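> Here is the input, now give the coordinates:
(2 chains)
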Amino acid sequence: MTRLLFHLRLFRRMLYMHNRANVTYRGDFWLKILGLALRNVVGIVIVFALFSRVTVLAGWTRPEVMMLYALAIAPRGVLQLFCNGAWQLRNYIRRGQLDQFLTRPLSPVFQTLTLTMSIEGLGTLVVALLAFGSGYAEQGLGWGPAQWLYLLVAIAGGTLLAVSLDVGMHALVFWSRDAGQLQWFVEQTAEFAQYPLGLYHRTIQVALSTALPFAFVSFYPLAMLLGKPDGSVTLALLSPLVGVLFAFLMSRIWNAGLARYQSTGN
Amino acid sequence: MTTAGIARRPKYVALFSMGLSDALAYRTSAAISWVINGWSVLIVVYVWYSLFAQDGAPVAQFDWQAMKTYLILAHAVNWFMQSDVSWIVADAVQNGNIVTDLTRPADYMLSKFSQAIGGSLVNGTIGTVILFGSSIIFLHLQAPASPAAAGLFILACVLGYGVNFLISYLMGLSTCWLTNNQGLSWVLWYAGRILAGTVIPISLFPGWLQTVAWASPFQATVSTPLLIYLGHDQQGGALGLIGVQVAWIIGLGAFSRWLYARAMRRLEIQGG
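Sure, this is the predicted structure:
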């Protein structure tokens, strides 16, 4: 417990430190936020183009898909903002710098995750917020506290899933330099969750609900909240647990990888 | 290879092979990226497939066949054009390695261009050809509108590569003013993806965005070759579109020369 508090206190200090560094190049800082916002606007342009033709896509309307899109990208935004360091693991291993993590009285996975905190993740979150808000307002929804609370828990679960997969997949570089690219594949696959599950082939639907469980990040929670007939209340309620399950699975990969780590020397 | 062998080759050919062998060092990574790239196109194609399955009516000149062809080819052409030149120039300016380049008896822009082609050949072109070839066979893409369209398509791809190179090169040079050009490159990269018509055809944009897109150099990279391929080049015709590409290359090329001269006067190298 004290150890956890110690890490939390340190996390706050690191957040402050990283953000100081982030704003050093002031112009670049705003451009980066704008850049990541634009990255997500690309997806919104697609949504609008699709719905310029039809009013309903696989049983979902445009405002509903906007909310779905927002939920699908939000976890990535949180990850970018607070713990965007895993991609650097490869360089740290190659240069033998991982050794210094092992000599400190801090969790190595914590040190890896906090190598980078990219304030530009705000760009992602702002787009998510606007997309969600516009979809919510357009439908004139009026959710009660229970629904909002569930939504927050679902987002937390989705974030835990995104962070776990990010670490787990990047940790594959402990085995081979190129295996880390699997992370990119997983990140791309997460984009499937931006659209209603009913759009896809049965095999993809199953994959998104099991091995690459991104349907639990956006589709199942929102389908329940909106009362869509293609959702499932049971799966929606299980959604946050999927994040916990994957945190466990990925930590196994991380630990196995770290156990076979041999320094390149320094 | 002996040094004599290198010395006998024309200098830009040597730089081209340098780019090529740099990229070949990471060939497994490149091969994996071809697969992942193909996967990411699938998502978008799937979404449009469902849309047309629900209602087969064409959208702004595009029926399902044309849309499928557009989406896959746009991705392939965009991929063919990618180069690291923006990052390479920025990195050289930031860590001072640009000095080495400047001591070479070669034009800076042309050296970077030769190097970029070498890199693109491994990272982009091979993957593009695989994606293109397998899509035509397995996904039954539409054939070019005519034999002439096929030839002009290839010409437009080459010119589009030039336009894209110049945009990236300018982004790299901007480091001399911005110190850190990452933000700018992200903005241009993602705005460029939309305005080039990589994600969806420009004719599907709302009116104001179409105007912005047509006025930007980005449409000369991806959209132009594809409109020619599909025979959607009624306004101005294929040759008119190619003329616009050439105009952009001359304009951006002249601007690059001017900016490079100014950049070199500003350049400060720390230490040595």
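> What ranges does the stretch 101-250 of chain A have for its helices?
If you assign secondary structure with DSSP state H, counting those that start in this stretch, the helices in the stretch 101-250 of chain A sit at A:108-113, A:121-139, A:145-170, A:182-189, A:202-209, A:219-225, A:233-259.
> which residues touch A:Q205?
Listed by CB atoms under 8 Å, 6 or more residues apart in numbering or on different chains, the contact partners of A:Q205 are A:197-198, A:215. C-beta: built from backbone N, CA, C; applies to glycine.
> most surrounded residue in those residues?
For these, counting by other CB atoms under 10 Å in any protein chain shown, the largest number of neighbours falls to A:A215: 28 neighbours.
> Looks like it contacts A:Q194 (just checking).
No. The pair formed by A:A215 and A:Q194 falls short of the contact definition of CB atoms under 8 Å, at 11.1 Å.
> Which residues of chain B lie near chain A?
Within reach of chain A by CB under 8 Å from any CB of the partner chain, chain B has these residues: B:28-29, B:32-33, B:35-36, B:39-40, B:43-44, B:46-48, B:50-51, B:54-55, B:57, B:59, B:178-187, B:189-191, B:193-194, B:199-200, B:204-206.
> I only care about the residues you listed that end up buried; give me the ChimeraX line for that.
To isolate the buried ones among the residues of chain B next to chain A in ChimeraX, judged by 16 or more other CB atoms under 10 Å in any protein chain shown, type:
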select /B:32,33,36,40,43,44,46,47,48,50,51,59,178,180,181,182,183,184,185,186,187,189,190,191,193,194,199,200,204,205
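> Flag the shaky bits of the chain, pLDDT-wise.
Going with chain A. Along chain A, the parts satisfying pLDDT under 70 run over A:264-266.
> wrong one, chain B
Low-confidence segments of chain B, defined by pLDDT under 70, span residues B:1-8, B:235, B:270-272.
> Where do the helices of it begin and end?
Per DSSP state H, chain B carries helices over the ranges B:3-8, B:11-24, B:27-54, B:64-81, B:85-95, B:98-103, B:108-120, B:126-138, B:147-173, B:175-178, B:182-195, B:207-215, B:223-230, B:237-266.
> Need the winner for burial among those.
When neighbours are counted by mean count of other CB atoms under 10 Å in any protein chain shown, the highest per-stretch mean among the helices of chain B falls to helix B:223-230, a mean of 26.
> so what sits against both of A:A215 and A:Q194?
Both A:A215 and A:Q194 lack any common contact, where contact means CB under 8 Å, 6+ apart.
> still on that earlier bit, and the helices of the stretch 101-250 of chain A, which is most packed in?
Per stretch, and counting mean count of other CB under 10 Å, the top mean among these goes to helix A:219-225, which has a mean of 25.
> what residues does that one touch?
A:64, A:67-68, A:71, A:143, A:147, A:150-151, A:154, A:158, A:193, A:196-197, A:208-209, A:228, A:230-233, A:235-239.
> can you count the residues close to A:T210?
11.
> and B:Q210, what does it touch?
With contacts taken as CB under 8 Å, 6+ apart, B:Q210 has the following neighbours: B:202-203.
> so how far is chain A from it?
When distances are taken as CB to the nearest CB, to the nearest Å, B:Q210 and chain A turn out to be 12 Å apart.
> Which residue, neighbours along the chain excluded, lies closest to the most centrally placed residue in chain B?
The C-alpha lying nearest the average C-alpha coordinate of chain B belongs to B:M81 (CA atoms, centre = their mean; 2.5 Å). Of all residues beyond its chain neighbours, the one nearest B:M81 is B:N164 (4.3 Å), with distances taken as CB to CB, 6 or more residues apart in numbering or on different chains.
> Tell me the spacing between the one you found and chain A.
Taking CB to the nearest CB as the measure, B:N164 falls 17 Å from chain A.
> Run a quick check on that residue versus B:T224, I expect a contact.
No. Between B:N164 and B:T224 no contact is recorded; they are 11.3 Å apart, counting by CB under 8 Å.
> if we can go back for a sec, just send the helices of the stretch 101-250 of chain A back as JSON lines, with distance to A:L89 too.
Written out in JSON lines, the entries for the helices of the stretch 101-250 of chain A read as follows (distance: least, CB to CB, whole Å):
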{"stretch": "helix A:108-113", "distance to A:L89": "6"}
{"stretch": "helix A:121-139", "distance to A:L89": "19"}
{"stretch": "helix A:145-170", "distance to A:L89": "5"}
{"stretch": "helix A:182-189", "distance to A:L89": "10"}
{"stretch": "helix A:202-209", "distance to A:L89": "26"}
{"stretch": "helix A:219-225", "distance to A:L89": "30"}
{"stretch": "helix A:233-259", "distance to A:L89": "9"}
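> Residues in contact with stretch B:89-101: which ones?
Stretch B:89-101 is contacted from outside by B:108, B:111-112, B:169, B:171-173, B:175-176, B:179-182, B:185, B:267, B:269-272, using CB under 8 Å, 6+ apart.
> what sits against A:R13?
Under the contact definition (CB under 8 Å, 6+ apart), no residues are listed for A:R13.
> Give the helix, strand or coil label for it.
Under the three-state scheme (DSSP: H, G, I helix; E, B strand; the rest coil), A:R13 adopts helix.
> From chain B, how far off is it?
In this structure, A:R13 and chain B are separated by 24 Å, where distance is defined by CB to the nearest CB.
> What distance do you get for that residue to A:L5?
Look at A:R13 and A:L5: by CB to CB, to the nearest Å, they are 13 Å apart.
> Show me what from the stretch 151-266 of chain A comes close to chain B.
The stretch 151-266 of chain A has residues A:177-178, A:181, A:184-185, A:188-189, A:191-192, A:195, A:199-201, A:204 near chain B, with proximity defined as CB under 8 Å from any CB.
> Dump the residues you listed to JSON lines, plus distance to A:G243.
Conversion of these to JSON lines gives the following (distance: CB to CB, whole Å):
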{"residue": "A:R177", "distance to A:G243": "29"}
{"residue": "A:D178", "distance to A:G243": "28"}
{"residue": "A:Q181", "distance to A:G243": "24"}
{"residue": "A:W184", "distance to A:G243": "21"}
{"residue": "A:F185", "distance to A:G243": "20"}
{"residue": "A:Q188", "distance to A:G243": "20"}
{"residue": "A:T189", "distance to A:G243": "16"}
{"residue": "A:E191", "distance to A:G243": "18"}
{"residue": "A:F192", "distance to A:G243": "17"}
{"residue": "A:Y195", "distance to A:G243": "21"}
{"residue": "A:L199", "distance to A:G243": "24"}
{"residue": "A:Y200", "distance to A:G243": "22"}
{"residue": "A:H201", "distance to A:G243": "25"}
{"residue": "A:I204", "distance to A:G243": "21"}
